[in-house]
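Asks: Sequence first, then the predicted structure:
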Amino acid sequence: MIEIRCANCNRPYPQQGAPFRCETCGGVFDFLEPLTFDDALVTSQASGMWRYRHTFGLEDDAQAITLGEGDTPLVWREVLGQDIAFKLEYLNPTGSFKDRGSALLVSFLLVRGVQTAVEDSSGNAGASFAAYAARAGIQARIFIPDYASGPKRVQIEAYGAQVQRILGPRSKTSEAVLKAAEGGAVYASHAYMPHGLAGYATAAYEIYEQIGRGPGTVIVPAGQGNFLLAIGRGFQALKNAGLIESIPRLVGVQALACAPLWAVFKYGAAGLGWVTEGETLAEGVRIRHPVRGDALLNMILENEGVFVCVEEEAILEGRDKLAHLGLYVEPTSAIVWNALTQVVDEMPDPVVVVLTGAGYKTAH
Ligand SMILES: [Zn+2]
């Protein structure tokens, strides 16, 4: 990997090991230079997102740990009086967009000789990491809250990951995994580790190729917001390469029950004062302190993007509206429907709606 540095003290990512955050100052690692995209280097020798391997910064001789992620369909439907494009990210190998990030993160861990790693997600990230760890022969230990249940937990266990159940609220699970990390375990955090961002960005390259030009607007659910951030950076790379004229308007979608990015976007720092971590059907975007929130807010502000929030009552309605189009996604993904109805009349077309997670991921 190249050009990963601590966003706080600017130290480069170390040449050995796989720390999840800066060992000197505790800062978050990130790509501090823009991603670069070169049309001439997109290869037909590889499939899925690995066609864009030149954008990853992964060593040339590094093994690609792949399960066929990327190259997801873009399906057009006429809804709300417009032709809308739906990017079917839920058709990735484990049922969510997270696979684009996991493939790259796990490929990197293998380069660094990692044999066991811990992670703390009871959701799509945990399932995705467990699958790619199984593919790579890495023993995964996933910390999950004891109350977590449902298809995602079953999926994590089926891949052979060791599941560590932690009693108490979600924060106890975070404490437990950090303790394991302090004890020397490699913490393959999907939130902190930046390596997967270059993988997420490939969704932007695909959308550009599938439409044949840059879209006007892209709508994405945002919890940590890493997918939205990386899609924005992907379009930035296309713009820097002279392939599109402008970055599309980016619409980040949050559930009102836990909407810190929306609150700060709308009310400034004062908005944080009343952010709650409320119960929501959109469990995958229930993140109170997004790790890269500042970078994401800056990108949205610089490119005339917006955050919108969706009330709880509208979530299952959105799920059903999408399902009636033949698009079956989980409630977390379905918040994009209501967002689409909020912005469709004022945002430039073509509008792309990103559908992040499969419907059979939840019991609702
Ligand atoms: Zn640092």
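Replies: All right, it came through fine.

Asks: measure stretch 281-292 end to end?
Replies: Length of stretch 281-292, first residue to last, CA to CA, to the nearest Å: 23 Å.

Asks: Pull the residues that contact it.
Replies: Contacts with stretch 281-292, where a contact means CB atoms under 8 Å, 6 or more residues apart in numbering, come from 28, 30, 123-124, 191-192, 221-226, 229, 253-255, 257-258, 260-261, 275, 277-278, 280, 296, 310, 312, 315-316, 330-335, 356-357, 362, 364. The way it works is simple: take the backbone N, C-alpha and C, and place the C-beta from them, glycine included.

Asks: Out of the residues you listed, which sit inside strands?
Replies: D30, P221, V253, Q254, A255, V310 (DSSP state E).

Asks: can you put the residues you listed in CSV and add distance to the ion?
Replies: Shown next, in CSV, are those (distance: CB to the ion, whole Å):
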residue, distance to the ion
D30, 11
P221, 30
V253, 31
Q254, 29
A255, 32
V310, 36
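
Asks: neighbour-wise, which of these leads?
Replies: Tallying neighbours with other CB atoms under 10 Å puts V253 at the head of these, with 34 neighbours.

Asks: which one in the ones in strands among the contacts of stretch 281-292 is the model shakiest on?
Replies: Ranked by pLDDT, the ones in strands among the contacts of stretch 281-292 bottom out at A255 (92).

Asks: got a list of what that one touches?
Replies: T280, L281, A282, V285, R286, C309, V310, E312, I315, I335.

Asks: sorry, back to before: kindly write the ChimeraX command that selects the buried subset of the contacts of stretch 281-292.
Replies: Buried subset of the contacts of stretch 281-292, written as a ChimeraX selection, criterion 16 or more other CB atoms under 10 Å:
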select :28,30,123,124,191,192,221,222,223,224,225,226,229,253,254,255,257,258,260,261,275,280,296,310,312,315,330,331,332,333,334,335,356,357,362
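
Asks: Phi, psi for the nearest residue to K172 once chain neighbours are set aside please.
Replies: Of all residues not flanking K172 in the chain, I166 sits nearest, at 5.2 Å (CB to CB, 6 or more residues apart in numbering). The phi and psi values for I166, taken as degrees, to the nearest 10, are phi -120, psi 130.

Asks: So that it lines up with my notes, have the first residue be 3 from now on.
Replies: With 3 as the first residue, the last one maps to I168.

Asks: For I168, list each beta-bridge partner.
Replies: With DSSP bridges as the criterion, I168 is bridged to P147.

Asks: Distance of it relative to V331?
Replies: 28 Å (CB to CB, to the nearest Å).

Asks: Comparing these two, which shows the higher neighbour count?
Replies: V331 (29 against 21).

Asks: how about the strands in the chain?
Replies: 6-8, 31-33, 76-81, 84-90, 118-121, 141-147, 164-168, 188-189, 219-223, 251-257, 308-312, 353-357.

Asks: Which of the residues in the fourth one are classified as buried?
Replies: Buried residues in strand 84-90, counted by 16+ other CB under 10 Å: I86, A87, F88, K89, L90.
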